[in-house]
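S.K.: Provided below for reference: sequence and predicted model.
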Amino acid sequence: EITYNKALLVDSLDINNYLSLSWFYESAGLNNSEIVHGKKNAFDKAVQYCQKAIKLDPSSAYAYNSLGDIYLDSEVYDKAVFNYQKAIKIDSVYVDALNNLGNAYYYQKDYGNAILNYQKAIHLDPKFAFGYNNLGNTYYYQKDYDKAIINYRKTIDIDSAYTNAYRKLGDIYTRLKAYNKAVINLKKAVKLDTANAGIYNELGNVYHDLKLYDTAIIYHKKAIQLAPSNAYNYNDLGVVYDELDKNDEAVIYYKKSIEVDSTNALPYANLAYVYKKTKEYDQAIIYYKKALLLKPQNAFLYNSLGNVYKDLKNYEKQIYYYKKAIDIDSAQTYNLQDLGFAYIYTKDYKNGIACLQKLLKLYPDDAASYYNLACGLSLSNNTDMGMQYLKNALEKGFKDYELLSQDTDIENLRKLPEFNLLMKQYFPDKVK
């Protein structure tokens, strides 16, 4: 700072001196430097010096581009757009300004204008790897993975050491379940950036998806070694041990994740799931409730807590938490069956049958939905309708003879002569 100020004293008409001071304060703001009190103060000073440079030379496209960069870094995107446009108006072939304008639109989620400006930059400089990478990022966040892949590959064709392009390709192939391609690209990325814990963790997740758990553990542990303050690394390692039913190890790593970041609901929920699995229901309830304190509008957590009470056969609380889940997300249907039977087991047949009928409307070709209604109606002693739905289930392809023979929910139907006739009709090799 002292050096730059001395330069200003020597030549106060040189815009580069003002731009150098602007850059200094911008860097201080980005790095939360103690040189300037407060990030906003640093960016404000950067803007002031840049504006002085523009006042000295209003024809400087570079100065406007620099001012756009400051506003971009301080997330004032509309002003960033304005200044990049000023730079481009002065110099219409300014590739960096076009690319930066694309970035400003990208952060505003105006992907159409972002793509347009990246393409203009690339048209001016066909070897502009950064532009292709940014295009790839834009298509990636629009979930247009085919176009994202094309642009990331073009990035790599121009610059074979472009780590982000390999990493994003790995992410896309993981999402597309093309795991072998994901591994190839992530390994290329980690070879270029051997200290990047995130890439090791992503490789661990891919190997988890491939069910190569020992390899997944190696990569997750490497990620933890490189970034011991990243809670997700511990959580993801816990998931692998959870999958292996190594519950003690899973608990250790989920708890370590919480220790590192107590504000993340995910490890609380995962820890609760392990406790449910090991039938430590009190602990499961505690941790699901802790997760809900952090994510009070998460339907999945309410549903999961309902599942704990289902195991405990506490139907009133099961109903309460399933209804909370539905209140938050009425489109989800994964607990309608259990909610229906919870009502039926508390002898609230009206609501129970209504839930099962709603499920049937959503899945009219699902044999199990007809069978569930047959069970509910049997339990409510409506055997005529129950038998009709049982027939529908068999017609739709329900083939679980063992369940039909033993399920206590249809005990009332098994007492009817018609039941034996149906069994002979659909299972002639098992019933004589």
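M.R.: In hand now; what should we look at?

S.K.: And the helices in the stretch 151-300 of the chain?
M.R.: For the stretch 151-300 of the chain, the helices defined by DSSP state H, counting those that start in this stretch occupy 163-175, 179-192, 197-209, 213-226, 231-243, 247-260, 265-277, 281-294, 299-311.

S.K.: Please identify which of those helices is closest to Ile353.
M.R.: Of all the helices of the stretch 151-300 of the chain, it is helix 299-311 that lies closest to Ile353, at 18.6 Å by C-beta to C-beta. All C-beta atoms are positioned from the backbone trio N, CA, C, and that covers glycine.

S.K.: Need the residues that contact that closest one.
M.R.: By C-beta atoms under 8 Å, 6 or more residues apart in numbering, the residues outside helix 299-311 that reach it are 265, 269, 272-273, 276, 279, 281, 284-285, 288-289, 291-292, 295, 315, 317-322, 324-326, 328-329, 332, 334-335, 338-339, 342.

S.K.: and the helix or strand following that helix, how far out from the chain's middle?
M.R.: Where DSSP states H and E defines the elements, the next helix or strand beyond helix 299-311 is helix 315-328. Relative to its chain's centre, helix 315-328 lies at 25 Å (C-alpha atoms, centre = their mean, to the nearest Å).

S.K.: just to revisit the earlier point, quick one: closest of the helices of the stretch 151-300 of the chain to Val81.
M.R.: helix 163-175 (23.8 Å).

S.K.: Which secondary structure elements does the closest one sit against?
M.R.: Counting contacts by 3 or more C-beta pairs under 8 Å, 6 or more residues apart in numbering; DSSP states H and E, helix 163-175 packs against helix 129-141, helix 145-158, helix 179-192, helix 197-209.

S.K.: Reformat the helices of the stretch 151-300 of the chain as a markdown table; add distance to Tyr71 and mean neighbour count.
M.R.: Formatted as a markdown table, those follow (distance: least, C-beta to C-beta, whole Å; neighbours: other C-beta atoms under 10 Å):
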| stretch | distance to Tyr71 | mean neighbour count |
| --- | --- | --- |
| helix 163-175 | 24 | 22 |
| helix 179-192 | 31 | 19 |
| helix 197-209 | 28 | 22 |
| helix 213-226 | 34 | 19 |
| helix 231-243 | 31 | 23 |
| helix 247-260 | 34 | 19 |
| helix 265-277 | 34 | 22 |
| helix 281-294 | 33 | 18 |
| helix 299-311 | 39 | 21 |
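
S.K.: Tabulate those (CSV), appending distance to Lys358 and mean pLDDT.
M.R.: Below are the helices of the stretch 151-300 of the chain laid out as CSV (distance: least, C-beta to C-beta, whole Å; pLDDT from 0 to 100):
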stretch, distance to Lys358, mean pLDDT
helix 163-175, 32, 98
helix 179-192, 37, 98
helix 197-209, 34, 98
helix 213-226, 39, 98
helix 231-243, 33, 98
helix 247-260, 35, 98
helix 265-277, 26, 98
helix 281-294, 25, 98
helix 299-311, 16, 95
